[in-house]
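# show me the folded form of this:
(one chain, ligands or ions: 1)
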Amino acid sequence: MEFEKKILCIGAGYVGGPTMAMIAAKCPRYKVTVVDINPARIAAWNSDSLPIYEPGLDVLVQKTRGVNLFFSTAVEAGIRDADIIFVSVNTPTKTFGQGAGKAADLQFWEKTARQILAYSTADKIVVDKSTLPVRTAEAMERILNNNTKNVHFEVVSNPEFLAEGTAIADLENPDRVLIGSQETPTGLAARKAIVDIYSHWVRRDCILESNVWSAELSKLTANAFLAQRISSISPISALCEKTQADVVEVANAIGRDSRIGGKFLKAGVGFGGSCFKKDILNLVYICQSYGLTEVAEYWESVVKINGWQENRFIRTMLENMFNTVAGKRIALLGFAFKADTGDTRESPALVIARGLLEERAQVVITDPKALDNARQDLHAVKEDLSFEADPYCAAEGAHAVVLLTDWKLYQDLDYQRILRSMEHPAFLFDGRNLLDHKKLFELGFNVFAIGKAPLKHF
Ligand SMILES: NC(=O)c1ccc[n+]([C@@H]2O[C@H](COP(=O)([O-])OP(=O)(O)OC[C@H]3O[C@@H](n4cnc5c(N)ncnc54)[C@H](O)[C@@H]3O)[C@@H](O)[C@H]2O)c1
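Next up, the predicted model:
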């Protein structure tokens, strides 16, 4: 079949893979190719064991792979062949030089821009899907259009708003798709080409158009606002624990105010994931570089409070377990940063595991999808750490069971069986307020949840 359009995505990660699978499924007349410099990742995309876990992703990939969706390491051929190139490479926090610890590390992104320039032989639309500092598209445009090849590139910003764990549902039915371009005739034409792709399945009134800078800044701002909600309820959970108010009741009461809304008000061990912290710190860095000190300080506090909440959880464990966990087996239920993903990047579980290991606890980690990533994250730890696929085995002989990821399966465990296999007094710390605390207390656990009075037998 002759394809109507050829789309390339550079970067086969959590964003590139699912997003392109959705475009391929919804646009059968387009050829969609996803390339990556990591051959192992591409091999996994071409196998039955996809490199990332997302509910519904395997079905989508099975339907389209080899039909109009292709995964490849042939970056050069992919660039040459494509009409439209999405860039979805990683943009982590810089760990060196100026801006280390805050600014975005744009080396992968810039390498991609230079590859696009080197291998292109005809005009192309380049779509920034990675999350980038505001005004990065301008740099992309400068790198690309500073050429003597008589090739013109139009750079469009189309930030991705999907959430891991619900990526497929988010892509299929997005709250909005945002497309920003230059407001020149060629910029507007490029914008329309991207609008046309999404119009295959997204309602037109959900496709928002803007200038490039608004699109770039909206993505950073959206993540900052989402994280800010969590960092607003976290300190209230601490106050609840001091005053015998219940944070679930408080969140429910305030969330019923339509001006506030109920989403993202669930108190827990804090937010994680690859994006929130990095994007806020990037926002902080940008504000600092424009001399907006107070604005930078305001947003930085959102990240600080999150770290405080994670450490507060470790302190609560220590204080209640007689101020020592040394030599005690502690089972962590869940390691992914949230349910329905295997992603452990910036997971609060990582901070908590490290904190407990520092206290010389014997940490056992279990998770239905994230054990491989957990092993990699903690590969340098040689002692006091083990991994168990079966949560019952993880809990056997433990002094405490600590719920860190809100996997539904942890709600349905046989806690009577778990209690029987544990040391006593048996502690249960629910870092996600997922379980039925009263029932667990009645079974015999000493239960500590977030933002609630403890339920203790002593
Ligand atoms: N993960 C999310 O939930 C999410 C959501 C919205 C936006 N984002 C943003 O999307 C971007 C990608 O995030 P991700 O989670 O998919 O990252 P990821 O690390 O999972 O994937 C990025 C991929 O890009 C590849 N890559 C890097 N340089 C390359 C090059 N020169 N050529 C080809 N491939 C190259 C890497 O090998 C990697 O596989 C980031 O900017 C992130 O902030 C992520």
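
# so which bits of the chain are right by the ligand?
10-16, 35-38, 41, 75, 88-91, 108, 111-112, 115, 130-131, 160, 162, 164, 274-275 (Cβ under 6 Å from any ligand atom). Glycine gets a C-beta too; all of them are placed from N, C-alpha and C.

# give me the buried subset of these.
With burial judged by 16 or more other Cβ atoms under 10 Å, the buried subset of the residues of the chain next to the ligand is 10-16, 35-37, 41, 75, 88-91, 108, 112, 115, 130-131, 160, 162, 164, 274-275.

# in helices, which of those appear?
Counting by DSSP state H, the part of those found in helices is 16, 41, 75, 108, 112, 115.

# so which residues of the stretch 201-350 of the chain form helices?
212-243, 247-255, 276-289, 293-320, 348-358 (DSSP state H, counting those that start in this stretch).

# lowest-confidence helix or strand of this structure?
helix 136-145 (a mean of 91; mean pLDDT, DSSP states H and E).

# tell me the contacts of the residue nearest to Gly272 when sequence neighbours are not counted?
Nearest non-adjacent residue to Gly272, counting by Cβ to Cβ, 6 or more residues apart in numbering: Phe337, 3.2 Å away. Listed by Cβ atoms under 8 Å, 6 or more residues apart in numbering, the contact set of Phe337 reads 164, 271-273, 343-349, 405.

# can you redo the helices of the stretch 201-350 of the chain as a markdown table with mean pLDDT and mean neighbour count?
Formatted as a markdown table, the helices of the stretch 201-350 of the chain follow (pLDDT from 0 to 100; neighbours: other Cβ atoms under 10 Å):
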| stretch | mean pLDDT | mean neighbour count |
| --- | --- | --- |
| helix 212-243 | 97 | 19 |
| helix 247-255 | 98 | 16 |
| helix 276-289 | 97 | 22 |
| helix 293-320 | 98 | 17 |
| helix 348-358 | 98 | 21 |
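
# of all those helices, which lies closest to Asn446?
helix 293-320 (7.3 Å; Cβ to Cβ).

# so that closest one versus helix 276-289, what angle?
Angular relation of helix 293-320 and helix 276-289 on a 0 to 180 degree scale: 150 degrees, by axes from the mean of the first three to the mean of the last three Cα atoms, to 10 degrees.

# point out the other helices and strands that helix 293-320 packs with.
In terms of contacts (3 or more Cβ pairs under 8 Å, 6 or more residues apart in numbering; DSSP states H and E), helix 293-320 is packed against helix 212-243, helix 276-289, helix 348-358, strand 427-430, strand 446-449.

# which residues does the nearest residue to Ser199 once chain neighbours are set aside bridge with?
In this structure, Ser199 finds its nearest non-sequential neighbour in Ile207, 6.8 Å apart by Cβ to Cβ, 6+ apart. Applying DSSP bridges to Ile207 yields these beta-bridge partners: Val177.
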